[in-house]
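Participant: Show me the folded form of this:
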Amino acid sequence: MKKHFTLFLYISLIFLAVTLVQADFLFIPNVYSISHLAVSLGLLFLGFVFDAVAWHNTINQHESINVKLSDSISSMGISVFGKYIPGKLWIVLGRATYLAKRYDLDEKECAVMSLNTQFISLWVGSLLGGLGVFLTGGDLKWGVLALGLWLVLTLILFTRWPYRLIESSASRIFKKQFDLPSVDIRQVGRVLPWFFVNWLLWITSFYYLVDALTIGTVSYVVGFVFAIGATVGIVVILA
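Facilitator: Numbers count the residues shown, from 1 in each chain. Okay, the predicted model is just below:
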């Protein structure tokens, strides 16, 4: 398992480098505030830690699973650059596969929990992004987009009809019965604070990054726009 994940990590870094070259990001920008850049990087790191904590608490909601926090962080760290590999599935499956192999868990069950975790994160990110843009006087079309996405994710997370639609479609295609586990609202409520902290750290981190690279005053609205951009981008990847 270690060899496979090491190989995957190197492949991820190669695709990351290719992505950076294609986006023309391999240059040193003008930094106007070293202190704000340092704050941004610190908050970014903390955001990833709390992202792992949210995943850790979500998967440990199940009585039969007891995963160490250090392993949850490792599963996130190993798979984080996998989003740049064509297909993008590793953004959801990587952490699930790592923990399933390490703790001898059912891979399908872990994959579903990882997907649900991703939906919860997107739900919180789109809500914060939409409300933040409205409250800080940003471009209303972005707020409407984010809150519209939040409503769609609300239907996916807290109603059964999307699951029934997927189950019936998969049953017709593969000629066998499928039963997808839906999200328990009480379990979601217990882990939501971790997701909110995670997104607020990233939002603030992006604000300080833009402020460090910009001359003049920067509105905090840019942080909420980051949340919108990130959630829309991940939804496109999953779709």
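
Participant: need the helices for this structure, in chain order.
Facilitator: Remark: helices of the chain, listed N- to C-terminal, are 2-22, 34-59, 69-79, 90-103, 107-135, 140-158, 161-174, 185-212, 221-238; assignment by DSSP state H.

Participant: what helices or strands is the longest one leaning on?
Facilitator: The reference is to helix 107-135. Applying 3 or more CB pairs under 8 Å, 6 or more residues apart in numbering; DSSP states H and E, we find helix 107-135 packed against helix 34-59, helix 90-103, helix 140-158, helix 185-212, helix 221-238. From N, CA and C alone the C-beta is placed, and that goes for glycine too.

Participant: Taking helix 69-79 as reference, get the angle to it.
Facilitator: 80 degrees (axes from the mean of the first three to the mean of the last three CA atoms, to 10 degrees).

Participant: Which phi and psi values does the residue of the chain positioned farthest from its centre adopt?
Facilitator: For the chain, the residue at maximal distance from the C-alpha centroid (CA atoms, centre = their mean) is K175, at 32.6 Å. For K175, the backbone dihedrals are phi 60, psi 40 (criterion: degrees, to the nearest 10).

Participant: hang on, the earlier thing: mind putting the helices and strands packed on helix 107-135 in JSON lines, mean neighbour count and mean pLDDT included?
Facilitator: What follows is the helices and strands packed on helix 107-135, written out as JSON lines (neighbours: other CB atoms under 10 Å; pLDDT from 0 to 100):
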{"stretch": "helix 34-59", "mean neighbour count": "19", "mean pLDDT": "96"}
{"stretch": "helix 90-103", "mean neighbour count": "21", "mean pLDDT": "85"}
{"stretch": "helix 140-158", "mean neighbour count": "16", "mean pLDDT": "85"}
{"stretch": "helix 185-212", "mean neighbour count": "19", "mean pLDDT": "94"}
{"stretch": "helix 221-238", "mean neighbour count": "19", "mean pLDDT": "84"}
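
Participant: Make TSV out of these and add distance to K68.
Facilitator: Listed next are those as TSV, based on distance: least, CB to CB, whole Å:
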stretch	distance to K68
helix 34-59	8
helix 90-103	9
helix 140-158	27
helix 185-212	16
helix 221-238	26
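
Participant: just to revisit the earlier point, I'd like to know how far the residue farthest from the centre of the chain sits from L165.
Facilitator: Using CB to CB, to the nearest Å, we find K175 at a distance of 18 Å from L165.

Participant: So W199 sits against A227, correct?
Facilitator: Yes - contact criterion CB atoms under 8 Å: W199 and A227 qualify, at 6.0 Å.

Participant: Between those two, which contacts overlap?
Facilitator: G125, L128 (CB atoms under 8 Å, 6 or more residues apart in numbering).

Participant: Nearest to G82, out of the helices and strands packed on helix 107-135?
Facilitator: helix 90-103 (3.1 Å; CB to CB).

Participant: Could you tell me the angle between the closest one and helix 2-22?
Facilitator: Using the same axes, to 10 degrees: helix 90-103 against helix 2-22 is 160 degrees.
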